[in-house]
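Novice: Structure, please.
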Amino acid sequence: MDVGTIVTMALEYSFIDTVSYLLVRASGRLDNAEVSRTFINAIMDEAKATGQTRILIDECEVIHALSLVTILSDIKFILSRVPRPHKVAIIGNEESSKQHQFYKGFSFDTGLQVEIFTDIIEAENWLME
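Specialist: The predicted structure follows:
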């Protein structure tokens, strides 16, 4: 069930509650802290509203242009906001994979499970384990 599409100046994203997990599809440019925080908050609000603890974020069509300072700030923000246990699979392209590795690395010791994929089937399989 498609539960809505949100458009910011730089980023568009939609949510689909698949019953097994929350699917987030995003496209556009992620290039500043305000857009990033809005995106993170929207994902967490939707996960809470749907009761989902499994989240698949498809960012294959997102251009990542965040500074390292913003990425580290986002990680701290995410870790303070996401209840445990949650599993988050992020699908990205090769360009975004380095940024996604930061999220995975910093979440490892917190109980938040994050994995990075380039294939949606592999991401879904991991998410459902």
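Novice: Other residues contacting the strand or helix carrying residue 38?
Specialist: According to DSSP states H and E, residue 38 maps onto helix 33-50. With contact meaning Cβ atoms under 8 Å, 6 or more residues apart in numbering, helix 33-50 is reached by 3-4, 6, 8-11, 13, 15, 17, 22, 24, 26, 30, 52-53, 55, 57, 66, 70, 73-74, 77-78, 81-82, 86. For glycine as for every other residue, the C-beta is placed from the backbone atoms N, C-alpha and C.
Novice: Show me where the protein has its helices.
Specialist: Secondary structure of the chain by DSSP state H: the helices cover 33-50, 68-81, 94-107, 120-128.
Novice: Which of these sits closest to residue 114?
Specialist: helix 94-107 (4.6 Å; Cβ to Cβ).
Novice: average model confidence for the closest one?
Specialist: Averaging pLDDT along helix 94-107 gives 66.
Novice: Wait, residue 10 touches residue 32, no?
Specialist: Yes: counting by Cβ atoms under 8 Å, residue 10 touches residue 32, with 7.4 Å between them.
Novice: give me the beta-bridge partners of the residue nearest the centre of the chain?
Specialist: The centroid of the chain falls nearest to residue 57 when counting by Cα atoms, centre = their mean (4.5 Å). Beta bridges link residue 57 to residue 24, residue 90, judged by DSSP bridges.
Novice: Does it touch residue 88 like I think?
Specialist: Yes: contact between residue 57 and residue 88 holds when scored by Cβ under 8 Å: they sit 6.7 Å apart.
Novice: between these two, what contacts are shared?
Specialist: With Cβ under 8 Å, 6+ apart, residue 57 and residue 88 have no common neighbours.
Novice: Quick check: the gap between the residue nearest to the centre of the chain and residue 93.
Specialist: 13 Å (Cβ to Cβ, to the nearest Å).
Novice: One more: residue 119?
Specialist: For residue 119, the distance to residue 93 - Cβ to Cβ - is 11 Å.
Novice: So which bits of stretch 31-47 are buried?
Specialist: Neighbour-count burial for stretch 31-47, counted by 16 or more other Cβ atoms under 10 Å, picks out 31, 32, 35, 36, 37, 38, 39, 42, 43, 44, 46, 47.
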